[in-house]
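Undergrad: Make a model of this:
(one chain, ligands or ions: 1)
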Amino acid sequence: MTRFVPVQNDTFLRALRRETTDYTPVWLMRQAGRYLPEYRATRARAGNFMGLCTNPEMACEVTLQPLDRYPLDAAILFSDILTVPDAMGLGLYFEEGEGPKFERPIQNEADVAQLAVPDIEEKLGYVTAAVRTIRSALNGRVPLIGFSGSPWTLACYMVEGGGSSDFRKVKTLMYKRPDLMHRILTVTTEAVTQYLKAQVEAGAQAVMIFDSWGGALADGAFQKFSLQYMKQIVQALPLEANRGGFVESIPSIVFTKGGGLWLEDLASTGASALGVDWTVNLGNARARVGDRCALQGNIDPHVLFADPPQIQAEVAKALESFGTPQPGVGHVFNLGHGISQFTNPDAVSVMIEAVHTYSRRQRSA
Ligand SMILES: Cc1c2[nH]c(c1CCC(=O)O)Cc1[nH]c(c(CCC(=O)O)c1C)Cc1[nH]c(c(CCC(=O)O)c1C)Cc1[nH]c(c(C)c1CCC(=O)O)C2
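TA: I've put the predicted structure just below:
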């Protein structure tokens, strides 16, 4: 049984709800990952990446590693977005140094017809078990973020059979047989909705949708093939969760990488916050949607390859660009995409320390 305790450091949740905070909260996409030697050690013990994801104790261990090193304001479930298509029977595997692949990608009309919403508890019970284990182990330290891929982003991998540089197969299907594309997206939307609901039930305190490849779509296609489905998911998510004795509100974050031109559209999903990449000017984004959504982001992960003074300067620039948070606007500091595996862990300390120090100073100025 999960013992739910209320969160102590709720700075991250307050920022997502656009309430005042003493400082700007910070976490990092891919904060548990290969740049940390302790992650590489646990991964070696697990054998491989999926071994790590499917073992709730080990998934919990790596989730907590960055929190033990740094004063982060949120934890994120250790898993992957591709667990959902795997549960749909596509056969996920990772080839060393090559990224994710599927044994049975969607190649024709019959494959599309066969696609069905998986039984979440049966096929993805290892994820909800990990959420329960992590939530217990956190013991209220910081909130736990659950996540999923967007239907479009999952469909990219499902049709391409792995990563792609030009999205030729998935875009061919989209333009040639939009009916089949919409069926893939409809089934995936239902699967993602059930999956995120199960994570919230298991203890996740916020949820994030990674639309990593939404930015590869043309204007018009983005709204039809990605946005619409993310909106359905956000609208179907519970706004709060009863934890037996207390109630938690559950904010949602939508992150379309390369989606800077569509912020107003993204705000219309009803998400609590929008993730933005480094192409976006935070001040400008705040003016466009800041009274409807909080913002999360957005320095270039490669800033972390510079020396401490330059890292600090980039942090200050992002905080100044957003401007001093006031009631009704919110900012969660993050990178504009996942942290690189080649990052020096000391650079991460410098960044987090700078976010906390400068943002406190900004509020007292
Ligand atoms: C597109 C995507 C994937 N996975 C994810 C996305 C969306 C975010 C993005 O755009 O990056 C999301 C993801 N993947 C992972 C997390 C864990 C939580 C976190 O710390 O942020 C999250 C939130 C762990 C992971 N997922 C993966 C790793 C590296 C695996 C390893 O240990 O070898 C980690 C830590 C594997 C993975 N999984 C995926 C890819 C392309 C790869 C290979 C990446 C690489 O080699 O750098 C698919």
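
Undergrad: Closest approach to the ligand from the stretch 201-350 of the chain, which residue is it?
TA: As assessed by Cβ to the nearest ligand atom, the ligand sits closest to Ser212 within the stretch 201-350 of the chain, at 3.1 Å. Bear in mind the C-beta positions are built from the backbone N, C-alpha and C, glycine included.

Undergrad: Against which helices or strands is the helix or strand bottoming out on mean pLDDT in the chain packed?
TA: Ranked by mean pLDDT, DSSP states H and E, the helix or strand of the chain with the weakest confidence is strand 92-95, at a mean of 92. Packed against strand 92-95 by the contact rule (3 or more Cβ pairs under 8 Å, 6 or more residues apart in numbering; DSSP states H and E) you find helix 49-53, strand 99-102.

Undergrad: Grab the CA positions of that strand and hand them over as CSV.
TA: Provided in CSV are the C-alpha atoms of strand 92-95 (Å, rounded to 0.1, in the frame of the first residue of the first chain):
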residue,chain,number,x,y,z
LEU,A,92,10.4,-2.2,-28.1
TYR,A,93,14.1,-2.9,-28.0
PHE,A,94,17.2,-0.8,-27.7
GLU,A,95,20.3,-1.5,-29.8
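
Undergrad: Who does that strand pair with, and is each partner parallel or antiparallel?
TA: With DSSP bridges as the test, strand 92-95 is paired with strand 99-102 (antiparallel).

Undergrad: Contacts for the helix or strand following the strand it pairs with, please.
TA: Next in sequence after strand 99-102, counting helices and strands by DSSP states H and E, comes helix 109-114. Under the contact criterion Cβ atoms under 8 Å, 6 or more residues apart in numbering, helix 109-114 has outside partners Arg104, Pro105, Ile106, Arg177, Leu180, Arg183, Ile184.

Undergrad: ditto for stretch 65-76
TA: For stretch 65-76, the surrounding residues in contact (Cβ under 8 Å, 6+ apart) are 9, 11-12, 25-29, 31-32, 36, 38-39, 42, 63-64, 134, 138, 141-145, 147, 206, 208, 332, 345, 348-349, 352-353, 356.

Undergrad: Go through those residues and flag which are in helices.
TA: Residues of the contacts of stretch 65-76 located in helices (DSSP state H): 11-12, 38-39, 42, 63-64, 134, 138, 345, 348-349, 352-353, 356.

Undergrad: Quick one: the helices in the stretch 201-350 of the chain, in order.
TA: Using DSSP state H, counting those that start in this stretch, the helices of the stretch 201-350 of the chain run over 221-222, 228-236, 263-267, 282-289, 308-322, 345-364.

Undergrad: The fourth one packs against which elements?
TA: Applying 3+ Cβ pairs under 8 Å, 6+ apart, one finds that helix 282-289 makes contact with helix 263-267, strand 294-299, helix 308-322.

Undergrad: The longest one too?
TA: The contact analysis (3+ Cβ pairs under 8 Å, 6+ apart) places helix 345-364 against helix 56-69, helix 308-322.

Undergrad: Just the local confidence number for the residue nearest to Pro100 when sequence neighbours are not counted, please.
TA: Closest residue to Pro100 apart from its sequence neighbours, by Cβ to Cβ, 6 or more residues apart in numbering: Leu82 at 5.2 Å. We have a pLDDT of 98 for Leu82.

Undergrad: Quick one: residues contacting Leu82.
TA: Applying Cβ under 8 Å, 6+ apart, the residues near Leu82 are Leu92, Pro100, Gly149, Leu154, Tyr157.

Undergrad: got those as JSON lines, with neighbour count and distance to Gln199 columns?
TA: Below are the contacts of Leu82 laid out as JSON lines (neighbours: other Cβ atoms under 10 Å; distance: Cβ to Cβ, whole Å):
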{"residue": "Leu92", "neighbour count": "22", "distance to Gln199": "18"}
{"residue": "Pro100", "neighbour count": "19", "distance to Gln199": "20"}
{"residue": "Gly149", "neighbour count": "24", "distance to Gln199": "13"}
{"residue": "Leu154", "neighbour count": "28", "distance to Gln199": "16"}
{"residue": "Tyr157", "neighbour count": "27", "distance to Gln199": "20"}
